[in-house]
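Novice: Attaching a predicted model along with its sequence, questions to come.
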Amino acid sequence: LSHINSFLSGASTIVFALGSAFLTFLIIIVFMIIFLIERKKFINLFLYTIPIKYYASAKRIMDKISIQIYSYIRGQLIAATSVAITSIFGLTIFQLITGVTIPYTFLIGLGAGLFNLIPFVGPIAGMLPAIIIYLITEQVVPIHIIYVLLIIAVFGVVQLVDNFIVTPYIMGGSIGFHPILVIILVLFGASVGGILGMLFVIPSAAILKVFIVEITENIEK
């Protein structure tokens with residue numbers, strides 16, 4: 001009993017942390033959507049501050065940056081939506097087959113999609129609420145480790161679909177980075193800025209790439 005109480009105490013702490021992270025990601029998602037809708041206004045607002053003689057170069061750079069960021073955000077949102085839908089579908093089928101009850105399936109799937117925006121650790125963070133809610137929910141079918149493993153398997157399948165079908169198709173040409181470079185950049189972002197560093201390191205690198213290409217092309221001319 002003490003082990004169960006200790007686990008539930010730790011689980012509540014995890015749930016609180018996940019809730020805070022979920023709110024942060026929700027704010028980020030809202031910003032992403034606003035950028036997708038109003039990106040031209042953002043660019044024009046910035047260009048108003050540029051002197052006339054630098055206007056043409058600045059506009060060309062901003063257009064390239066906008067395309068990079070737009071492609072990246074759109075791809076991330078589509079991938080997150082795919083993970084959310086497949087997570088909800090997978091958990092629903094799992095419950096129908098096993099008789100297990102996992103409340104808030106829709107919210108769990110939505111959270112899994114949002115957490116999936118975080119490279120590497122996101123899929124694990126998205127899976128934990130489903131396991132915790134299963135363990136603390138009164139079940140008709142006795143709680144068993146096999147069902148925990150099956151929940152993990154459901155999210156494993158979701159990640160396989162995302163990593164081998166959805167993400168390569170959507171993100172393949174969005175920023176033009178080699179997968180190994182993406183991994184290195186994400187690890188660097190994590191070491192510098194934690195979760196937010198992991199989220200923003202790729203678009204930041206894409207912006208830097210635009211500047212480097214633009215400077216190189218001007219030097220060659």
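Specialist: Structure received. Numbers count the residues shown, from 1 in each chain.
Novice: Strands along the chain, start to end?
Specialist: Read by DSSP state E, the chain holds no strands at all.
Novice: tell me the centre residue of it?
Specialist: Compute the mean C-alpha point of the chain, and by C-alpha atoms, centre = their mean the closest residue is Leu117, 0.5 Å away.
Novice: Give me the distance between that one and Gly194.
Specialist: 14 Å (C-beta to C-beta, to the nearest Å). All C-beta spots, glycine's among them, are computed from the backbone N, C-alpha and C.
Novice: How about Pro203?
Specialist: The spacing between Pro203 and Gly194, counted by C-beta to C-beta, is 16 Å.
Novice: Comparing those two, which shows the higher neighbour count?
Specialist: Pro203 (17 against 10; other C-beta atoms under 10 Å).
Novice: Relative to Ile183, how far out is the more buried one?
Specialist: 16 Å.
Novice: Could you do Pro51 as well?
Specialist: 40 Å.
Novice: Those two - which one has more neighbours?
Specialist: Neighbours per residue (other C-beta under 10 Å) separate Pro51 from Ile183, with Ile183 holding more: 13 against 7.
Novice: tell me the contacts of the more buried one?
Specialist: By C-beta atoms under 8 Å, 6 or more residues apart in numbering, no residues touch Ile183.
Novice: hey, which helix or strand in this structure has the poorest pLDDT?
Specialist: Least confident helix or strand of the chain, by mean pLDDT, DSSP states H and E, is helix 167-171 with a mean of 63.
Novice: Check whether Ala112 really touches Ser87, as I assumed.
Specialist: Yes. The criterion here is C-beta atoms under 8 Å, and Ala112 meets it with Ser87 at 4.2 Å.
Novice: and the residue nearest to the centre of the chain, backbone torsions?
Specialist: phi -70, psi -20 (degrees, to the nearest 10).
Novice: and if you look at Tyr104?
Specialist: Dihedral angles for Tyr104 - degrees, to the nearest 10 - are phi 60, psi 40.
Novice: I am finished for the moment; much appreciated.
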